[in-house]
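Peer 1: Sequence first, then the predicted structure:
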Amino acid sequence: MNMGYGLKKYILNEEAALPSLGYGDVVQRMAQNTLLVPWAAIKGKNLDVRTPEAMKKLILSKESVQRAIADLVKEKVDYYRGTLHLDTSEDKLYQEVEKQAVNNINTIISIYDHKVLTGMALGMK
């Protein structure tokens, strides 16, 4: 939850509600079969939720993210060429950094099944 909040507030620059649940509270509420997110019980309403692919594109297109990726590539190029004395393609390093960024985004915006998480919470109780 905290990663989603930071992503929405600091990367996408959108209004975001600070998560108030701690880990113990989440496990307890899930074990009681209480919905973690109030909008999960709403049926028939258009919530206009972005798809994971749309989120990835939006995040990767942000100037701050592009700048961070470029900085990481420059740092890796300097390391490979300066310290390791290897001539590595910047394109290859860019692809590696972008792949890691996509993996991180996938982790943050992963889709979860409330029933599965409830079962896991009951098992942890």
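Peer 2: Yep, it's here.

Peer 1: For burial, what's the neighbour tally of Ile105?
Peer 2: 19 (other C-beta atoms under 10 Å). For every residue, glycine as well, the C-beta is placed using N, CA and C.

Peer 1: just Ile11 next, same as before
Peer 2: By other C-beta under 10 Å, neighbour count at Ile11 equals 16.

Peer 1: Looks like it contacts Lys62 (just checking).
Peer 2: Yes: applying C-beta atoms under 8 Å, one finds Ile11 in contact with Lys62, separated by 5.8 Å.

Peer 1: Can you work out which residues contact both of the two?
Peer 2: In the contact map built from C-beta atoms under 8 Å, 6 or more residues apart in numbering, no residue is linked to both Ile11 and Lys62.

Peer 1: Would you mind listing where the protein has pLDDT under the threshold?
Peer 2: 1-3, 17-49, 114, 117, 125 (pLDDT under 70).

Peer 1: The longest helix seen in it: which residues count as buried?
Peer 2: If you go by DSSP state H, the chain has its longest helix at helix 90-108. By 16 or more other C-beta atoms under 10 Å, the buried positions in helix 90-108 come out as Leu93, Tyr94, Val97, Glu98, Ala101, Ile105.

Peer 1: could you dump the residues you listed to CSV with distance to Ile111?
Peer 2: Compiled in CSV, the buried residues of helix 90-108 are given as follows (distance: C-beta to C-beta, whole Å):
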residue, distance to Ile111
Leu93, 30
Tyr94, 28
Val97, 25
Glu98, 22
Ala101, 19
Ile105, 13
